[in-house]
Each structure stands twice: as structure tokens, then as C-alpha cells.
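Colleague: What follows is a predicted structure for the sequence shown.
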Amino acid sequence: MLHKQKKKNPSAQTACQSGQKVSLAKLVWPIFIEMILTMLVGNIDQYMVSSYSQNSVAAIGNANQILNLLLIMFNIVSTSTTILVSQYIGSNNKHKVSIIYTLSLFVNFIFSTFIVILILVSTDSIFTFMHVPEAILADARSYMKIVGGFIFLQGIISAFSAIFRSNKMMKETMMISIAVNLINVLGNALLINGLGPFPVMGVAGAAWATNVSRLGGVILYIVFFIRKFETKVSVRSLKPFPKQELKKLLGIGLPSGGENLCYSMAMTVILKIINTFGTFVINTKVYASTFAWFSFLYSSAVGQASQVIIGNYMGAGEVELVDKRVKKTWRNALLIAIAMAVTMFLCSDFLFGIFTDDTRVLALGKKILFIDIFLEMGKSTNITLVRSLQAAGDIKFPTVIGMISMWTIAVGIGYILGYVFDLGLVGIWIAMALDEDIRGIIFLIRWKKGKWKTIRLADD
């Protein structure tokens, strides 16, 4: 599947140079704003649920941990779609671009069917495995089945989002995301605590609001796609079935998604351990994880934008430009992540106080956000370099290192510190910080060695 770097050709260079008229900053800021708004709305989401019941926060946190694990299947397709379309655009291969568009939507539909069946059959068994407390089990089950039953909506959104971003249409994805989140907030306001003719639905109301907002996102993506894209999605692209393109899509996506899958599975096991510590600890974890998101938002945004530009460069054979871009991007991402993490720690009491007045949560949360400063240093490095390695074609290495490090350090040492040595959530957060920092050092070394320079994924 992987091919050695070919000599540059004029048409590919022209396509790449044309594509680079859009600077990285212009691609990053719509993604960054989209993610900030999404997180702000997510916080409002949690605040609205917490006003109904503190147990609801823990219930949704457990359900989302499983749903996010299953959603990795969609990331498998979206990651490989972004990389392949970007490289095909860089090499000016429009026919292959059309095939990837259709194939990504088709594969995500198949994945959606599998996920729905799994959720309907296995929800109770999964929550039993995770030691979900009895007090939150009914709400967690309700949220899981309502959102999971309509998971195909997120599959469509993931595929379209990858298509739009690989075409540098970040502003459009930002606008759609804003609309989706606003619909979700409105739905929560109407359905969680009830308003006017709408009854009080609690956690189920939050779940239905999520589904309605995603339906709105699907409709908006289809409208934008019809209006703005010359290359269309067509079932004819699947006749004869493009086996080679499917092989590439999965060949890139499975290892790339494997890194995310491994992380989510590790976090699921860690949450299983945390569930034995009590509801207030679970709530602290949910709130702290939300606040921690702000520390690496820039890294995530710049990583997504960089994948597109790196894909264009690699498609045209401009490997030296890739190296300069990634090194500069990593330095900026690291500094911003540290600044954000320190700010979160200094504002800890205020942030946790928005959601709860439980003094146990406030005290524990402050300790967690201090440790998180060191965790975010590694995480920002990992996000930037892993996405860059993937876009350049170095797919398997990040997955292998992730599997080893996450399970031996984050899970293994986390269990020892948190459960055996009775450090609780503090011990688990220390282990997660060690995992992120060690992987960050390994990926820095990997990038500097430059093996990615000889790999090419997309044929001209």
C-alpha cells in the first residue's frame, strides 16, 4: 500500500502551490473557534444537566465514554479521508477524489449499522463491566440507547466534515458546528427541565436534543455540499466496487484510528477504576476532563489543519516544506497549551464552582488541574506530531507506541497509584501525565529521524 516517494511532476507542483495560497493560520482559526464554541456549549450542556441532578452528570459521563469509544469507527474513515483527499488534491487527481467522497459515506453507514446493533444488545453488559453505580445506571442506559440508536447521523457528519476540511472549507464546518451546538442548547433548555408545553425529561431530554442537533447538522452539510462542490457523491463511483481505494481507506484509517481507539479503551478502563471511588470523584473527573480540553484546543485545531497542508505537500513531493511547517507548529502549540493549563489551574475554584458547591470536588479538582499542566505538555506534542506523522504516511508507529504506553503507564501505573496506593484520582492523573510526556518525547525523536520522508500514500 505504501509507495516510495516519487519525483515531483509539474501538474502536482502546480496543484500544491495553488493549494498553499491558503495559509495555515487561515485554516486553523475556524477550527479553533468551532472547537471553543463546542466546548463552551458542552459546558453549558453539563451545567443544564447538573441543575437537574448531579447524578445525571456522572450518568452522561459514563455513557459518553462508551459512545466516544464507538465513534472511533467513524474517525477511522474521517482521518483517512482527510489524508487521501488532501494528497489526491496535491497530485491533481480529481477522479480518485470523487471515489473517496462516496466511499467514506458508504463505509460510515456500514459502521453505523454495526454500532446500533452493538448498543442495543450490549449496553447492560458494558455498564456492568464498568461498575457503573446503581444510582446512575438507569439514566446512563437511557442516554446510551437514545443517542446510540441514531448514531448514523454522527457517521454522516464525520464523513462530510472530513471532506470539507480536506478541501480547506473550515469556515463552513465551523458555521455548521455552531448551528448544531446552538440547536443542542435550545433542545436542552426545552427538554431537560421542561419549558412550556414540553415535559421534564431529564437525561432523556438531553439525549433527544443531541439527536435533533445532529439531524440539523446533516441537513446543513448536504445543502452546503450541493451548492459548493463540483465533485459529487455518486453511487456510480462504487461500480465496479473500488477495492483498491477501500484498501487504502482502511489501510490508513485502521492504524490511525487504532491510536484513538487504544486511547479511548484505556480511558474506559480508567473510568471503570474511578467509578469505584464514588460519585463525587466521578463528577470531578468529568468536570476536570472538560476543563482540560481548553488546554489542548489549539493543538487539536492546528493538528487538523496541518494534516490538510501536509497532505498537499506530500502529494506534490515537497517534504522539506513539511518539516519546517511541523517544527514551527509544534513549538507554538506547546507554548499555548502550557499557558492555557496554567490559567485553568489558577482559576480552578471559580471553574468548578460554576457547576457545584461540593467542597470535596473543589479541593480535588484543584489538585487535578495542577497535575494537568504537565499532562498537557505531552498531549499537545502528541496531538501535533501524531497527526503530522499520519498525514506524512507514518501510520503504524504512533499506534504501536500508543498501545504500549497507554496500557502500561496510564492504565497499569494508574491502577497502582490510584487503587493500590490509594491516591485515587490524583494517582490516576499522575500516571496519565507520565504516559503523555513519555510518548511526546518518543514522537519528537521519531519525527527528527525523518523516516516519514520516504513514504507516500496516494498514487498520481
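Modeller: Thanks, I have the structure now. Numbers count the residues shown, from 1 in each chain.
Colleague: So which residues make contact with stretch 71-82?
Modeller: 100-101, 104, 107-108, 111, 114-115, 151, 154-155, 158-159, 161-163, 165-166, 248-254, 256-257, 260-261, 264, 304, 307-308, 311, 390-391 (CB atoms under 8 Å, 6 or more residues apart in numbering). Just so you know, the C-beta spots here come from the backbone N, C-alpha and C atoms, and that holds for glycine as well.
Colleague: Now do that stretch: distance to the chain's middle.
Modeller: Computed by CA atoms, centre = their mean, to the nearest Å, the chain-centroid distance of stretch 71-82 equals 10 Å.
Colleague: re earlier: filter the contacts of stretch 71-82 down to the ones in helices?
Modeller: 100-101, 104, 107-108, 111, 114-115, 154-155, 158-159, 161-163, 165-166, 248-254, 256-257, 260-261, 264, 304, 307-308, 311, 390-391 (DSSP state H).
Colleague: got the buried residues for the helix or strand containing W447?
Modeller: Assessed by DSSP states H and E, W447 sits inside helix 424-449. By neighbour count on 16 or more other CB atoms under 10 Å, the buried set for helix 424-449 is 424-425, 427-440, 442-444, 446-447.
Colleague: One more: stretch 285-294?
Modeller: Result for stretch 285-294 [16+ other CB under 10 Å]: buried residues K285, V286, Y287, A288, T290, F291, A292, W293, F294.
Colleague: For those residues, give me TSV that also has secondary structure and distance to T356.
Modeller: Output for these, formatted as TSV (DSSP: H, G, I helix; E, B strand; the rest coil; distance: CB to CB, whole Å):
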residue	secondary structure	distance to T356
K285	helix	13
V286	helix	11
Y287	helix	8
A288	helix	12
T290	helix	13
F291	helix	13
A292	helix	17
W293	helix	18
F294	helix	18
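Colleague: will you turn those residues into CSV that also has pLDDT and distance to M406?
Modeller: Below are the buried residues of stretch 285-294 laid out as CSV (pLDDT from 0 to 100; distance: CB to CB, whole Å):
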residue, pLDDT, distance to M406
K285, 93, 17
V286, 87, 20
Y287, 90, 23
A288, 93, 19
T290, 83, 21
F291, 88, 22
A292, 88, 16
W293, 83, 18
F294, 80, 22
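Colleague: Looking at these, which is nearest K366?
Modeller: A288 (9.7 Å; CB to CB).
Colleague: And the residue nearest to that closest one when sequence neighbours are not counted, which helix or strand is it part of?
Modeller: Closest residue to A288 apart from its sequence neighbours, by CB to CB, 6 or more residues apart in numbering: I368 at 4.5 Å. Following DSSP H and E, the helix or strand that holds I368 is helix 359-392.
Colleague: Show me which parts of that helix are buried, residue by residue.
Modeller: Quick answer for helix 359-392 (16+ other CB under 10 Å): 361-362, 364-392.
Colleague: To what extent is G412 buried, counted in neighbours?
Modeller: Other residues within reach of G412, judged by other CB atoms under 10 Å, total 14.
Colleague: Now do the contacts for it.
Modeller: Neighbouring residues of G412 by CB under 8 Å, 6+ apart: A431.
Colleague: That one and I336: what is the separation?
Modeller: In this view, G412 and I336 are 31 Å apart by CB to CB, to the nearest Å.
Colleague: just T329 next, same as before
Modeller: Separation of T329 from I336 (CB to CB): 11 Å.
Colleague: neighbour count winner among these two?
Modeller: Between T329 and I336, counted using other CB under 10 Å, T329 has the larger neighbour count: 23 against 18.
Colleague: what about that one, helix or strand, and which?
Modeller: Taking DSSP H and E as the criterion, T329 maps to helix 319-346.
Colleague: Show me what that helix is packed up against.
Modeller: Helix 319-346 sits against helix 279-295, helix 297-316, helix 359-392, with contacts defined as 3 or more CB pairs under 8 Å, 6 or more residues apart in numbering; DSSP states H and E.
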